[in-house]
Every structure is written in structure tokens, then in C-alpha cells.
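**Student:** no letters, just coordinates:
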């Protein structure tokens, strides 16, 4: 884009806008809620010049594991010498985490410039059909990746798949990591219904890969793939191939299964994106994905941070504690959202702990700390349960504990990483950009 060729009023607007202004504009978009449907994001992308037509995608959906699979895919592709784009959500601390090129966050200046470019386009939409926050950011990502001339975009869905704003692209391969109960109000109350929504990213004739093992959701995925004549690879054995022998940087059995899904995905497009075995191994062994079974050593204390926020994720975390930390009972710091099945989450995790600190989150979606503490007491009457007004306060309470687990929500893990000084937004609070409400 050539600023000199723009009207002087537009140049003034862009020159005057700061990063804080741009973030505020993104906050303002929350007024329009969240919605399912492709018509509005398709129109916005059309007005932006259809940047998706200049890009190649690996599209990833799933209830759990999709972020980890995206990180693995990005690491593999980058190890192959490709320039990568990575689009994920939610962010942990900074909005800029959502858009990355070669694992570098989008610069503040580019956020300002792209928001300035999109504002007059948004003004052409009537209020009832105004693009939502996620729709705008999705098109912003397409624009930035096209500008950066990336070789491949690892493209994560936001919610669902079929009617998710990310589904305006045609990928090289469609990937479905897992199916579990989450967002049932919008995706359906059975695993088959949820799977059908996730399988909506499968395109006619385009290869698909899934790590789903359960019969009910797998049947729905197979039916969609067959109807669209899309070759489907089912990943059932994570002990085979490079994923089975690699020394994964992300621990746990479910991460090895994710690694097998990532390996199968790059092999499915080998004719278009050649990736050799050495790159697959290097990528899997050097994937970095903060907040997902992330280990932090602080003096004598080991912190384990994981964003488990639904029953399936909590069950996987429970298994990891038993497999990787056998004989060690952590002190648990937990914060959770009221729109999640928090009872199921604490029933999986608190029986393995001896001490629980229920923590208040700053999100308006947060479960009140007294209700969270009561659920924890019910799940493990033997544990010492207390409350803290913030994750920083909770960390002070457990300063003498040798092993501490922090979990319950990715939002909460973001607050923890910020309190620990590991991630920062230079003083700005951008975590609330993760909050969303259905349109209307």
C-alpha cells in the first residue's frame, strides 16, 4: 500500500492512529458480538482484494489439540525452509500473538496500518451485518500474510468450522484433531453434531486428516469426507512413524498423538509442499507452544501451566500428571470460566492435588471464586482449599510448594504468564479481547 496515494484525510487518520488506538478499535468491535456465517467475512475479504487467493493453507479444527498441532505444523514447515504464517486464537497476553510469521508476532506498526486500511471498508456495512471482531481479525491476517508473501499458512479455526470465519479459504489439507464436548450451545449437544460442524472445513476433493478415534464423531467426519470426495487419513496409532520415536518438546501421550496428526498432515500434501523426514523430526522436537503443559523452573519450584478448559482437556491433563509426574502431588492454582463445565474439570484434576487455591480472573466470563472453591471442595474433600484475589496473590501463597499446577483456562494461563513476567504487553491489557458474546 502506498500512503502517498491515499486521500489526505485517510493519511492523517493513519498517521495519527497509535497502537493503543488500533487495539481500542478492535475492542469496539466486540459490540457486534460473535456469529456463525461466511457471507460477511467473504464480503470483507472481497473488499480487501481477496488476499486468500495469494496464499496456501493448512486448515485445522478440533475441540482440543488444534493449537498444539498448528504449532507442530508450523515448526515442521519452517524447518523445511518455508516462510510460515500462523493464525491462532485465543491469545495468552498480547493480541499480536494471533498473527505470526516465522513465529514472530505481527509488529504494532502493521496492526495500526491494517486497522487503518480496514476501517473505511467496515464503514460500508450496515449495523446489522457489521463484521465482528473475529471476522475483522481473520481478514486482517489474510492481508498481512499475503503482504509478507508467506509460503504456507497454518490456519486455525476459531469456533466450530463449517460456519467459522476462517472457512472462507480452500486449503491444501483439512485437519480435525479431536472431538469433545465444548461450546455445545452453538455446536450441538452430541459428539456427532459437534463433529459435523468441525468437518465443515473439509472441501471437495481436498485431502483431510483426523486424529478422532471415537466411533460416533468419526462416523460423522467420514460421512462428510465421503460426500465431498475428500481422501481421509485416520490417525489411530501414534507409535508409528517419526512421531512415535521423536523426543517431543511437548510432553504427554496426547501430544504424541497430536504429533502423529501433524506428521500425517504434511505427508498428505507432500506433492505440493515437500517436507523431508529430518524436517519433521526437527520440527516435532523443537515445537514451542506456551501455556500447554509448559514447565517453568523457579528456583526449587516447578510450575506446570496448562490451558485445559473442558472435560476432554482436563482428562488429558489428569493422565499426563499420572504418567509424567507419578508420585508427585501438586498444589493447584485454578481459575475458570462460568460458561465451561467446571465441575467436570475439577473432578478430573483436584483428586491428584493436596492443596487448591481458587483464583479470581479479570474476565467478565469468570466463574466467581467462591463458587469455584466450593466445586473444588466437593471434588476433593481431603484437599486444603482456599481463595485468592489474583493469580499473583495465589503464587505468593504457594511460594514454598515444590510442584505447582496452574490450569482451568487459557485466559487464566495468560494471566499467570504475565504475573510471572514471561509474557508481556508493555503495560496494555489485551486479554479481554478474548471475551466474546453471541451476536444479539
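**Tutor:** Alright, I've got the coordinates. Keep in mind that this is a model prediction, so the values were computed, not measured. Numbering: from 1, shown residues only.
**Student:** for the stretch 1-150 of the chain, what spans make up the helices?
**Tutor:** 8-16, 19-28, 39-47, 66-79, 108-122, 133-148 (DSSP state H, counting those that start in this stretch).
**Student:** can you check the stretch 201-350 of the chain too?
**Tutor:** Using DSSP H, counting those that start in this stretch, the helices of the stretch 201-350 of the chain run over residues 215-227, 241-245, 253-268, 277-285, 311-324, 342-349.
**Student:** so which of the ones you listed is the most packed in?
**Tutor:** Highest mean neighbour count of those: helix 253-268, a mean of 25 (counted as mean count of other Cβ atoms under 10 Å). Where you see a C-beta, it was placed from the backbone N, CA and C, and this is true even at glycine.
**Student:** can you list contacts of that helix?
**Tutor:** 58, 64-65, 68-69, 72-73, 76-77, 173, 175, 177, 207, 209-211, 231, 233, 235, 237-244, 246, 248, 250, 273, 275, 280, 283-284, 293, 316, 319-320, 323 (Cβ atoms under 8 Å, 6 or more residues apart in numbering).
**Student:** for stretch 132-144, same thing?
**Tutor:** Under Cβ under 8 Å, 6+ apart, the answer for stretch 132-144 is 26, 29-30, 32-35, 40-41, 44-45, 48-49, 51-52, 55, 85, 87, 89, 98-99, 101, 106, 110-111, 114-115, 117-118, 122, 131, 158, 165-166, 168-169, 433, 436, 439.
**Student:** save the helices of the stretch 201-350 of the chain as CSV, and put in mean pLDDT and distance to residue 413 too.
**Tutor:** As requested, these are exported to CSV (pLDDT from 0 to 100; distance: least, Cβ to Cβ, whole Å):
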stretch, mean pLDDT, distance to residue 413
helix 215-227, 97, 27
helix 241-245, 95, 25
helix 253-268, 96, 16
helix 277-285, 98, 22
helix 311-324, 92, 12
helix 342-349, 95, 13
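**Student:** any chance of the ones you listed in a markdown table, plus distance to residue 138?
**Tutor:** Listed next are those as a markdown table, based on distance: least, Cβ to Cβ, whole Å:
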| stretch | distance to residue 138 |
| --- | --- |
| helix 215-227 | 22 |
| helix 241-245 | 30 |
| helix 253-268 | 21 |
| helix 277-285 | 25 |
| helix 311-324 | 24 |
| helix 342-349 | 29 |
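**Student:** quick one, which of those is nearest to residue 16?
**Tutor:** helix 277-285 (42.3 Å; Cβ to Cβ).
**Student:** give me the angle between the closest one and helix 66-79.
**Tutor:** 140 degrees (axes from the mean of the first three to the mean of the last three Cα atoms, to 10 degrees).
**Student:** how about the contacts made by the closest residue to residue 88 other than its chain neighbours?
**Tutor:** Once flanking residues are discounted, residue 88 sits nearest to residue 156: 4.6 Å by Cβ to Cβ, 6 or more residues apart in numbering. Applying Cβ under 8 Å, 6+ apart, we find residue 156 in contact with 60, 61, 66, 67, 70, 87, 88, 89, 166.
**Student:** right, I'll leave it there.
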